[in-house]
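1. below is the sequence, then the predicted model.
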Amino acid sequence: MSSIASQFVRRGKKIVAIGRNYSEHIKELGNTRPKEPFFFLKPTTSYVSSGGNIELPRGILATMKLGLVIGKGGRDISPEAAESHIAGYEEVKKKGLPWSAVKGFDTFTPIGEFIPKSTILDPHDLRLLLKINGITKQNGTTADMIFRIPRLIEHVSSIMTLEEGDLVLTGTPSGVGPVAPGDKVECTLADSNGKILDAINFTAVARCCGILYTPTRSITICTRPLL
C-alpha cells in the first residue's frame, strides 16, 4: 500500500458519501429507492480518531456504514477494474439536508485502526454493529447493499476523478438512534465468522459554539477496515 492511502486521514483530499444504499434503511426513513447511486461530499476536517470526542449540535442521530479508501486514482473506472483501485474499507451515516453541511461538522467522521487487506476476505460479507450506552442500535450486514462496491466506484469516477487517499462511504444499514452529550458510542466491524476486525469508541460532548440543527439532522460515525 502507498503511503498516501495508509495516511489518508492526513493526506486524503475528499470524502464521498453514498446515500440510500440499504433497502431497510430507506424504508425506515420513508425515502424512495434510488435507480442509481447518488452521493454527497464531506470535508476531511471531519475526521476524528477512536477514543476522541464527538462534538454534537442538538438533535443528532448515529449510524454506521462501510467505506473504502482509494489506493490508486482514476476516472471512468470500470466495475471490473474497481478492486485494483481500492486500498481500504470503512463505515458511516446519513440523514437530513443539506447533507454536505449536516455531515460536515468537525469530528463527524470518527475512524478506527488500520486493517490489512488480507484480513478482509469479502467486503460484501461484513457485520456492522453500533451501540449507544451498551444498547444495540444497528446490526446489519454489507451483503444488503443495493449497489455493490464496484458499481459505486464506477459511478463516482464517471462524475469526478477519484484520487489516492480519497474515502468513499458506501451507505448505512437500518437502525438510527439519537446521540446526546455524555453518551458512549461503540462501533464494531466483524467478518462472517464473528471475528472482530475493528472496534472503536467515542464519547459525545456538546458543541460549545457554531450553528445548531433541528432533530432532523444527523451525524456520520465511522469505523475503518483498511486494506
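-> Great, that's in hand.
2. surely Phe105 and Arg207 touch.
-> Yes. Counting by Cβ atoms under 8 Å, Arg207 is a contact partner of Phe105 at 7.4 Å. C-beta coordinates here come from the backbone N, C-alpha and C atoms, glycine included.
3. give me the common contacts of these two.
-> Glu55, Pro57 (Cβ atoms under 8 Å, 6 or more residues apart in numbering).
4. of those two, which one has the most company?
-> Phe105 (24 against 20; other Cβ atoms under 10 Å).
5. not counting residues beside it along the chain, what's closest to the more buried one?
-> Nearest residue to Phe105 in three dimensions, chain neighbours excluded: Ser46, at 6.4 Å (Cβ to Cβ, 6 or more residues apart in numbering).
6. Tyr22 now?
-> Pro173 (4.7 Å).
7. show me what contacts the one you found?
-> Tyr22, Glu24, His25, Thr63, Met64, Lys65, Leu128, Gln138, Asn139, Gly140, Thr141, Asp144.
8. from these, list the buried ones, please.
-> Those of these that meet the buried threshold are Tyr22, His25, Thr63, Met64, Lys65, Leu128, Gln138, Gly140, Thr141, Asp144, by 16 or more other Cβ atoms under 10 Å.
9. which of those lies closest to Leu41?
-> Lys65 (15.2 Å; Cβ to Cβ).
10. just checking, that closest one touches Thr170?
-> Yes. Counting by Cβ under 8 Å, Lys65 does reach Thr170; the two are 5.8 Å apart.
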